[in-house]
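Chemist: Predicted model follows, preceded by the sequence.
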Amino acid sequence: KMPSPGTFCYESIQLARYDGGQLFMSHEDAFPADLASENQFQRRATLILYLNDVAEGGATSFDHLNVAVKPSCGQALLFFPAFASGEPDSRTVHTAEAAIDQKWIAQQWVACGFSSAAVRAPPGQSDLVADLMQRGGAGAVPK
């Protein structure tokens, strides 16, 4: 079931393992604007938890922000791939760089329903941050 406008939906947590040389090419976590509008929900947050120390390689790098996060066991990375309007934020395009050493992560996406017909301001990012912090999220790439 799709989340109703203003309601957050927590997708199932996914575990991923990257072996030597594996990477995930440059991508957005937000859905394309037309698909988000059609479905009336959009991914508003990405939480990545690094499950092991990675001595070499495996950073999460943000293509347009000149920021790279080196995996460290227990470190969390929280960023916001879309605006409250449902428009993707291209600043969050990122790459999982090639892991020289094995890398393990847990990731969760948080979506929010919206109504393209509503003439009101949708919930702000601060609402989402407060909700995530209550659930134990930490760390952020600023918007």
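Modeler: That came through, no problem.
Chemist: So for this protein, the centremost residue is which one?
Modeler: Thr46 (1.9 Å; C-alpha atoms, centre = their mean).
Chemist: Tell me if that one really is in a strand.
Modeler: Yes - per DSSP: H, G, I helix; E, B strand; the rest coil, Thr46 lies within a strand segment.
Chemist: Spatially, and excluding backbone neighbours, which residue is closest to it.
Modeler: Spatially, and ignoring its direct neighbours in sequence, Thr46 is nearest to Asp29 (4.7 Å; C-beta to C-beta, 6 or more residues apart in numbering). All C-beta spots, glycine's among them, are computed from the backbone N, C-alpha and C.
Chemist: for the chain, what spans make up the helices?
Modeler: Secondary structure of the chain by DSSP state H: the helices cover 33-39, 125-134.
Chemist: Report the mean per-residue pLDDT for the longest one.
Modeler: Mean pLDDT, computed over helix 125-134, is 55.
Chemist: now the first one
Modeler: Confidence over helix 33-39 (mean pLDDT, whole number) is 90.
Chemist: List of residues touching that helix?
Modeler: Applying C-beta atoms under 8 Å, 6 or more residues apart in numbering, the contact partners of helix 33-39 are 2, 30-31, 42, 82, 86-88, 116.
Chemist: Just the buried ones from those, in PyMOL syntax?
Modeler: Selection command for PyMOL covering only the buried members of the contacts of helix 33-39, criterion 16 or more other C-beta atoms under 10 Å:
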select buried, resi 30+31+42+82+86+88
